[in-house]
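Colleague: Sequence and predicted structure, then a few things I'm wondering about:
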Amino acid sequence: MAYKIISTEDDESIRKVLKYRLQKQGGYEITYASAAEDVLKQLSGIDLLILDSSPDKKGNELCAKIRELGCSIPIIILSAQAQNKDIEEGLGTGANSYLTKPYDAQKLLEEIKRVIGK
């Protein structure tokens, strides 16, 4: 049975690469959610969240909300925000990992395995 992942990535080209890498190379099942409400409705049926955190910090806000709900699902934040303060802020919201864009696909696969304990 494949691990189920939801991503909030909004860039179509990045979504295509993520889907290819995660499904074909990692054996994961990946779906996308464009709204926080959609993610919150699906929390019980997934194994990992990959949150896009753009300059508006929506991914960070969603991560904090999920943790406030008491949910311990593994969360990886992917962000173009690469300064130390951005990384610290993202991890401070309860994310298990924070990778900066552009990211190395192999590194993402390794982080997924690490945070889900595979």
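Modeller: Received, thanks.
Colleague: So which residue is smack in the middle of the protein?
Modeller: Residue closest to the average C-alpha location in the chain (CA atoms, centre = their mean): I50, at 1.1 Å.
Colleague: Skipping adjacent residues, who's closest to that one in space?
Modeller: S7 (4.2 Å; CB to CB, 6 or more residues apart in numbering). From N, CA and C alone the C-beta is placed, and that goes for glycine too.
Colleague: So which bits of stretch 21-28 are buried?
Modeller: 21-22, 26, 28 (16 or more other CB atoms under 10 Å).
Colleague: gap between the two ends of it?
Modeller: End-to-end span of stretch 21-28 (CA to CA, to the nearest Å): 9 Å.
Colleague: Please apply the same query to stretch 89-102.
Modeller: In stretch 89-102, first residue to last residue: 19 Å (CA to CA).
Colleague: Next: stretch 32-50.
Modeller: End to end - CA to CA - stretch 32-50 spans 9 Å.
Colleague: same question, stretch 90-99
Modeller: End residues of stretch 90-99 are separated by 10 Å (CA to CA).
Colleague: List the buried residues for stretch 109-118?
Modeller: 109, 111-112, 115-116.
Colleague: Need the residues that contact that stretch.
Modeller: 3, 5, 21-22, 25-26, 28, 47-48, 74-76, 96-97, 99 (CB atoms under 8 Å, 6 or more residues apart in numbering).
Colleague: can you list the buried residues of stretch 109-118 in TSV and add secondary structure?
Modeller: Listed next are the buried residues of stretch 109-118 as TSV, based on DSSP: H, G, I helix; E, B strand; the rest coil:
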residue	secondary structure
L109	helix
E111	helix
I112	helix
V115	helix
I116	helix
